[in-house]
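[1] Need a 3D model of the following:
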Amino acid sequence: MTLAVGTVLYGLLAGAIWRWGARHWVLQVAGVLVALLVAALLAVHGLTSGRQKAQLVADGIGQMGLGRLAVGLLLGALAALALELVVAGKESLEAGATGLLVALGAPAAVVLTSDSLLVVAFATAVLMGSVWLRWQQIAGPQLSVRSLGRQAVIVFAALVAAAAILPSVRLGAAPSLLEAVLLAAASAGVMGVLPFSGWAGAVLTLGPRENAFWRLWMVPVGLLLEARLIAASSTAVATSLRELLIGLGLATALFWGARGLLGPESGRYSRILACDVGLMCTAVAFATVQGLAAALILVLAHWLAGGLFTAESGVRPRLLALIGISGIPPFGGFTGRILLVITAASFSPTLSALVLLVVGLQLGIAAAGMRANLASRPTTSSVPRELVGLVTALSTVILGVVPIQALQFLLGTHL
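    As a prediction, this is how the structure comes out:
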């Protein structure tokens, strides 16, 4: 009863932001904060109801059960959205975009907590399809947006097919590589890992504001879905799945690292994010606590810094945000990447060398961005908003100096 009432209230809040948020940005911020409170109450109810760890099987019944890590991602995305709206002020996201970002918390929760792979498939389709419909309405039938629509269909089909053959895998009748390919396609499609780069292409076309959908929801949801799929698979399937995702993740990081270093100034942050998504995918595919922590630290760094790469945020906040995600110590970008290097070294020196190459490319991209940022004309930004932006960017230092054990405890990755 509590879950049903809370879900209805959460949906009404998203609709209210959509309807009345356009009148003033303060209404958008207030609506997101109230939605965050409702989501927190629902999370407390879920964590105290006796089912604290989310499982994933093909023939489950789709019951809901929240784990600490899923709760953190759901609440963190809403908190990051509220912070972005405060930094942006009057130039914040459209009310429709803010309302949709809040509403997407419902299908994201289903993806992160459902016991049924089939239910996960439908929730993922809703999650990706909703964003595709919005972008189709904004940009029209552009190639990058159309490719995202095809990507959503592929993810749905891959998950449904995986759910259909998973029982046969248990009996040894279906090849484990086929199951691994289907699950890898689903994970890569949700996050935007090559060859499914529809997210990166679309946000490069639509501008920095619209990347909030990809950065706040799709990347963390895809990462945790990847971790759950690896953990729920048999040994043979999990081994092939991990190898596929490590390869796809590193290829994505190298491709977008080169694109970011050699590409134009416009869309630089989206290329940095796409490169880091590849690193996150690789980190989770190692299937270690250290790798998962590295990926989540990078997610938190982009949650803090990602909303500052707009014209209204001011030059100094953008500069600090670039430093925060560049990989320069002691910022969070450095901590996440050095953890990944250490994790990769325990598997293979070649993997560690490739990750170090990507880290070097990221430093070069950030340096080019800093140089362009310093040479640009200062933009007008109110003192309170610029102060919030500076504090937000400097918060990435906390991710770099807090002991990893404390971060693992807060993220729930020690369980």
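
[2] Only C-alpha atoms from now on, for both contacts and neighbour counts.
    Fine.

[3] ok, now which ones touch the residue nearest the centre of the chain?
    Central residue check for the chain by Cα atoms, centre = their mean: the C-alpha nearest the mean position is that of Val219, 2.2 Å away. By Cα atoms under 8 Å, 6 or more residues apart in numbering, the contact set of Val219 is Val190, Met191, Gly192, Val277, Val299.

[4] Check Thr343 too.
    Contacts of Thr343 by Cα under 8 Å, 6+ apart are Ala283, Phe286, Gln290, Gly291.

[5] if we can go back for a sec, buried ones among the contacts of Val219?
    Among the contacts of Val219, those buried by neighbour count (16 or more other Cα atoms under 10 Å) are Val190, Met191, Gly192, Val277, Val299.

[6] any idea which element the residue nearest to the centre of the chain lies in?
    Per DSSP states H and E, Val219 falls inside helix 219-232.

[7] Give the buried residues for that helix.
    By neighbour count with 16+ other Cα under 10 Å, helix 219-232 contains the buried residues Val219, Pro220, Val221, Gly222, Leu223, Leu224, Leu225, Glu226, Ala227, Arg228, Leu229, Ile230.

[8] quick one: average confidence on it?
    Here helix 219-232 scores 87 as its mean pLDDT.

[9] got it, and stretch 273-287?
    Here stretch 273-287 scores 88 as its mean pLDDT.

[10] Just the CA trace of that stretch, in CSV.
    Presented in CSV, the C-alpha positions along stretch 273-287 are these (Å, rounded to 0.1, in the frame of the first residue of the first chain):
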residue,chain,number,x,y,z
LEU,A,273,31.8,11.7,-20.8
ALA,A,274,31.6,9.1,-23.6
CYS,A,275,35.3,8.2,-23.0
ASP,A,276,34.6,7.8,-19.2
VAL,A,277,31.6,5.7,-19.9
GLY,A,278,33.9,3.2,-21.7
LEU,A,279,36.2,3.2,-18.6
MET,A,280,33.3,2.7,-16.3
CYS,A,281,32.0,-0.2,-18.4
THR,A,282,35.5,-1.8,-18.2
ALA,A,283,35.7,-1.2,-14.5
VAL,A,284,32.4,-3.0,-13.7
ALA,A,285,33.3,-5.8,-16.1
PHE,A,286,36.3,-6.7,-14.0
ALA,A,287,33.7,-7.9,-11.4
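
[11] Give me the subset of the contacts of Val219 lying in helices.
    Residues of those located in helices (DSSP state H): Val190, Met191, Val277, Val299.

[12] just checking, the last one touches Pro220?
    The reference is to Val299. Yes - when contacts are counted by Cα atoms under 8 Å, Val299 is listed as touching Pro220 (6.8 Å).
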